[in-house]
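Peer 1: Need the 3D shape of this:
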Amino acid sequence: MSDENQRPIIVKRIKKGGGGHHGGAWKIAYADFVTAMMAFFLLMWLLGSTAKGDLQGIAEYFSTPLKVALQGGVGSGDASSVIKGGGTDLTRTSGQVKKGEVKAEKKTINLQALKAELERKERERLGELKQRIERAIEANPSLGQYRKQLLLDITSEGLRIQIVDEKNRPMFDLSSAEVKPYMRDILREIGKALNDVDNRIALSGHTDAKPFVTGDRGIGNWELSAGRANASRRELIAGGMAEGKVIRVVGQASTVLFDRQDPFNPQNRRIGIVVLNKKTEEAILADGLQPPEAPAEAAAGTS
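Peer 2: Numbering: from 1, shown residues only. All right, here's what the predicted structure looks like:
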């Protein structure tokens with residue numbers, strides 16, 4: 001036998017892989033698993049917080065994506081398909097909504113609605129008072145002839161009643177705060193009607209631009225207009241109006257003219273009675289500011 005045939009046979013066994021914990025393949029698998037779970041929970045959250053209509057749009061997109069993409073609308077990239085504000089109020093457009101904020105918003109809306117309803121009912125009551133005073137004047141034969149001197153309108157302050165002078169029918173004696181008999185009857189009729197409402201009253205006296213000259217130094221249209229307003233207050237009370245209803249009596253001389261084109265027009269001499277709405281009444285009692293009168297042009301067009 002040759003030497004070549006007597007060589008020993010050597011078998012080499014090669015071990016494959018690092019084995020056990022030394023390998024890194026399991027980390028990749030675990031990362032894939034965590035990513036899948038995170039995507040799953042994100043999907044569950046979106047499904048739980050998306051509006052019913054948006055869910056239908058998403059379902060339609062996956063059923064017929066080409067149709068939805070061509071037609072547009074929810075589910076095709078429209079921002080309305082994603083929750084806007086988060087939380088429980090899906091109508092919010094930004095920010096995370098908390099339960100307390102939702103309740104506060106609802107309370108604010110309810111208060112605003114209640115306030116608007118109260119103001120509406122108050123306007124109705126003042127409108128009814130306006131009609132009642134007009135009917136009372138027209139029903140009285142001795143007062144019906146003075147109807148043109150009585151102007152009533154609803155303003156932002158409440159029901160405004162203005163009694164104006166006419167050239168041949170003055171409300172007061174010349175340069176005096178003495179009330180004419182017919183003016184006394186009108187004021188007492190109005191005073192009787194004003195007691196039917198809870199609203200408070202503000203009075204103002206006005207003169208024309210003609211200077212008021214007397215022998216007393218320092219006495220003029222300011223004093224005259226204030227005296228006439230206070231004399232009117234006394235007649236309203238004599239007619240049956242509660243004295244506590246009046247919260248303001250002022251004289252404004254010729255600063256607020258009825259006829260701005262003619263400062264000497266007799267109609268500029270007038271008495272203003274305002275049945276105040278609650279908003280204006282609260283403003284007067286809170287800070288003492290005199291609410292502005294409506295423009296003279298608007299007053300001239302009322303009846």
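
Peer 1: three-state assignment of the nearest residue to Ile163 once chain neighbours are set aside?
Peer 2: Of all residues not flanking Ile163 in the chain, Ile271 sits nearest, at 4.8 Å (Cβ to Cβ, 6 or more residues apart in numbering). Bear in mind the C-beta positions are built from the backbone N, C-alpha and C, glycine included. On the three-state scheme (DSSP: H, G, I helix; E, B strand; the rest coil), Ile271 is labelled strand.

Peer 1: Okay, and the beta partners of Ile271?
Peer 2: Ile271 has the following beta-bridge partners by DSSP bridges: Ile163, Gly205.

Peer 1: what sits against it?
Peer 2: 162-163, 171, 203-206, 228-229, 232 (Cβ atoms under 8 Å, 6 or more residues apart in numbering).

Peer 1: Please apply the same query to Trp222.
Peer 2: Trp222 neighbours (Cβ under 8 Å, 6+ apart): 251, 253.

Peer 1: do the one 4 residues further on as well
Peer 2: Listed by Cβ under 8 Å, 6+ apart, the contact partners of Ala226 are 205, 249-251.

Peer 1: pLDDT on the longest helix belonging to the chain, on average?
Peer 2: Counting by DSSP state H, the longest helix found in the chain is helix 99-139. Averaging pLDDT along helix 99-139 yields 79.

Peer 1: One more: stretch 205-221?
Peer 2: 78.

Peer 1: Give the residue spans of the stretch 51-200 of the chain that score low on pLDDT.
Peer 2: 53, 61, 65-108 (pLDDT under 70).

Peer 1: what about the residue lying closest to Leu187 once chain neighbours are set aside, which SS state?
Peer 2: Using Cβ to Cβ, 6+ apart and skipping the chain neighbours, the partner closest in space to Leu187 is Glu235 (3.8 Å). Under three-state DSSP, Glu235 falls in the helix class.

Peer 1: ok, now Arg248?
Peer 2: strand.

Peer 1: so the nearest residue to it once chain neighbours are set aside, which of the three states?
Peer 2: Spatial nearest neighbour of Arg248, chain neighbours left out: Ala202 (4.1 Å); criterion: Cβ to Cβ, 6+ apart. Classification of Ala202 using three-state DSSP returns strand.

Peer 1: ditto for Val256
Peer 2: Looking at Val256 with three-state DSSP, the answer is coil.

Peer 1: thought it was touching His206?
Peer 2: Yes - in this structure, Val256 is within contact of His206 by Cβ atoms under 8 Å, at 6.2 Å.
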